[in-house]
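In: From the sequence below, what's the structure:
(chains A and B)
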Amino acid sequence: MQNSENSAKRRQRFDQYVAVYHQDMYRYAAWLCRDKAIAEDVVQEAMLRAWKSLDALREETSAKQWLLTIVRRENARYFERKRLETVDIDNLTASQAALLAEQPDDELDSMRAAIFELEDDYREPLVLQVLMGYSTQEIATQMGLKQGAVLTRLHRARLQLKEMMARL
Amino acid sequence: MNCEEYRESIAADPSFDGGAGHLTGCAECQAYRSEMQALDEQIKRALVLEVPDLVVPELPEIVTAKSDNVVALRRRQVAPRVWFAMAATIVVAALIGIRIVGTDLQYDSLGEEILAHLDHEPFSLRVTDIAVTDAQLNAVVPRDVARLDHSAGLITYAQSCPIRGHDVPHLVIQGEYGPITILLMPEEAVSGPETIHGENINGVILPVGNGSIAIIGESEERLDRIQERVLESVTWST
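Out: Predicted coordinates for the structure are as follows:
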């Protein structure tokens, strides 16, 4: 009886986290792997792992960071398994191209393509800062970097985007 | 703050609100700031992708025997009937006096003692983003023992714990795969790096000066990256 109550509470807790953070998980995955289909796979795997290790999460306020960390490592695991090569923007698969052409908005499409072309090391901290609202210290913790390295990457990412947009 | 420093700060974070004194007197930097903030708006819009409908995968049943959420990563679930066999084994071990001398437990190796210690402090292995206070950290890592900067990562647990008869700083940082334990042992020399093996864990004891540092994480954790950061962040005082 106690067991089934605990299971129901556990499931309820999990469903709440997924409902609140599913969008962040998907967008983070999509910008890490730059592929719609892979992002969906990564998020599915991440949800499964989160479910299995839910009891490790004690502070509710850490839930977002915890879930994004799981997404990050599932993405790394996916790419280790598949040994995928770097994405060439001139030779995209349908699933990769679908990420860039969601809306009929030229400026938005151009910026998306520019972000798509950024190196992984620059794109990830930018996503964490601009989309997820992380501080540079939090990004440093998430990525296992020093804060100075994060600041440099963010600085370079923006300058590269500025240049790419100016060329268009 | 000069123009170059100000612009670097703004490009790293357009919401940066330092350098106000510089900004009021520099029209070019004001324009640069506006340009970067506009660029960030564009970036933000571009990053907001359409999200497909949520599909929750089929979730396996999880045994939830415990009502609290303490992580006991290294303990196996033991069926009650096995207790009899375990009790008998303990009695035999006690009788032949293999590992128990008086009241002090003797361990075959430093790694074994460290694992036994971690089993006694499962509450240290929490996933959290709440750091210990500087005061707490300074109390556990006194300056006459070691100097520690924050580059190792977010320290979420700090206690003095007995290892080999010495009280040593027991710290926990948050890794990619879960909490990572760090034991600073300035008086525990090892001749070379030693790996620690345990259920679902991956650990190493590194010689550092006249002492050593143990780092233990989840089995999938890339400890080489953590090691580098930890070694950079710790300096023995003696």
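In: quick one: low-confidence parts of the chain?
Out: In the absence of a named chain, chain A is used. A:1-2, A:81-96, A:99-104 (pLDDT under 70).
In: Let me rephrase: I mean chain B.
Out: Residues of chain B that meet the cut-off, pLDDT under 70, sit at B:19, B:63-106, B:120, B:122-123, B:150, B:199, B:238.
In: Now do the phi/psi pair for the residue positioned nearest the centre of chain A.
Out: Nearest to the centroid of the C-alpha atoms of chain A, with distances taken as CA atoms, centre = their mean, sits A:Tyr28, at 1.7 Å. Dihedral angles of A:Tyr28 (phi, psi; degrees, to the nearest 10) stand at phi -60, psi -50.
In: Can you name the residues in contact with the one helix or strand B:Glu112 maps to?
Out: Element membership of B:Glu112 [criterion: DSSP states H and E] is helix B:110-120. Residues outside helix B:110-120 that contact it (CB atoms under 8 Å, 6 or more residues apart in numbering or on different chains): B:72, B:74-75, B:105, B:107, B:124-125, B:161-164, B:170, B:181, B:183, B:188, B:190, B:194-198, B:201, B:203, B:205, B:212, B:214, B:216. The C-beta positions use only the backbone N, C-alpha and C, and glycine is treated the same way.
In: can you rerun that using 10 Å?
Out: B:72-75, B:105-107, B:109, B:124-125, B:161-164, B:168, B:170, B:181, B:183, B:185, B:188-190, B:194-199, B:201, B:203-205, B:212, B:214, B:216 (CB atoms under 10 Å, 6 or more residues apart in numbering or on different chains).
In: ok, now stretch A:70-81?
Out: Here stretch A:70-81 makes contact (CB under 10 Å, 6+ apart) with A:21, A:24-33, A:35, A:38-39, A:41-50, A:53, A:84-85, A:120, A:124, A:128, A:142-143, B:175-177, B:218, B:220-222.
In: Also stretch B:129-141?
Out: By CB under 10 Å, 6+ apart, stretch B:129-141 touches A:58-59, A:61-66, A:137-138, A:141-142, B:147-148, B:150, B:153-161, B:167-174, B:184, B:234, B:237.
In: could you redo the last one with a cut-off of 7 Å?
Out: A:59, A:62, A:65, B:148, B:154-160, B:169, B:184 (CB atoms under 7 Å, 6 or more residues apart in numbering or on different chains).
In: ditto for stretch A:143-155
Out: By CB under 7 Å, 6+ apart, the residues outside stretch A:143-155 that reach it are A:121-122, A:124-126, A:129, A:136-137, A:139-140, B:8, B:11-13, B:151, B:176, B:225.
In: I'd like to know which of those residues are part of strands.
Out: Among these, none falls in strands (DSSP state E).
In: tell me which element B:His170 falls in.
Out: Assigned by DSSP H and E, B:His170 falls in strand B:166-174.
In: just the angle between that strand and helix B:110-120, please?
Out: 70 degrees (axes from the mean of the first three to the mean of the last three CA atoms, to 10 degrees).
In: Partner strands of strand B:166-174, with direction?
Out: Sheet pairing for strand B:166-174, assigned by DSSP bridges, gives strand B:155-163 (antiparallel), strand B:179-185 (antiparallel).
In: distance between the last one and the chain's centre?
Out: When C-alpha coordinates are averaged (CA atoms, centre = their mean, to the nearest Å), strand B:179-185 and its chain have centres 7 Å apart.
In: for stretch B:112-130, same thing?
Out: 10 Å.
In: again with stretch A:13-31
Out: 10 Å.
In: List of residues touching that stretch?
Out: With CB under 7 Å, 6+ apart as the criterion, stretch A:13-31 contacts A:36, A:39, A:42-43, A:46-47, A:51, A:54, A:63-64, A:67-68, A:71, A:75, A:99, A:123, A:127, A:131-132, B:47, B:49, B:51, B:54, B:56.
In: Might one say that B:Glu218 is in contact with B:Tyr177?
Out: Yes: with contact defined as CB atoms under 7 Å, B:Glu218 counts as touching B:Tyr177 (4.0 Å).
In: got the phi/psi numbers for A:Ala39?
Out: The phi/psi pair for A:Ala39 (degrees, to the nearest 10) is phi -60, psi -40.
In: mind listing what it touches?
Out: A:Tyr26, A:Ala29, A:Ala30, A:Cys33.
In: where does it sit relative to B:Val140, distance-wise?
Out: 42 Å (CB to CB, to the nearest Å).
In: Then A:Lys9?
Out: 35 Å.
In: more neighbours, those two?
Out: Counting neighbours by other CB atoms under 10 Å in any protein chain shown for A:Lys9 and for B:Val140 shows that B:Val140 has the greater number, 22 against 12.
In: Not counting sequence-adjacent ones, nearest residue to that one?
Out: Leaving aside its chain neighbours, B:Val140 sits nearest to B:Ala158 (4.2 Å; criterion: CB to CB, 6 or more residues apart in numbering or on different chains).
In: next one: B:Ala46
Out: A:Met111 (3.9 Å).
In: How far away from the center of its chain is whichever helix or strand that neighbour is part of?
Out: Using DSSP H and E, the element containing A:Met111 is helix A:106-117. Helix A:106-117 sits 17 Å away from the centroid of its parent chain (CA atoms, centre = their mean).
In: tell me which residues of that helix are tucked away?
Out: Within helix A:106-117, the residues scored as buried using 16 or more other CB atoms under 10 Å in any protein chain shown are A:Leu108, A:Ser110, A:Met111, A:Arg112, A:Ala113, A:Ala114, A:Ile115, A:Phe116, A:Glu117.
In: Now do the strands in chain B.
Out: B:100-101, B:104-105, B:146-148, B:155-163, B:166-174, B:179-185, B:194-198, B:201-208, B:211-218, B:234-236.
In: can you redo those as TSV with mean neighbour count?
Out: TSV is the format used below for the strands of chain B (neighbours: other CB atoms under 10 Å in any protein chain shown):
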stretch	mean neighbour count
strand B:100-101	12
strand B:104-105	9
strand B:146-148	19
strand B:155-163	18
strand B:166-174	22
strand B:179-185	23
strand B:194-198	15
strand B:201-208	19
strand B:211-218	24
strand B:234-236	17
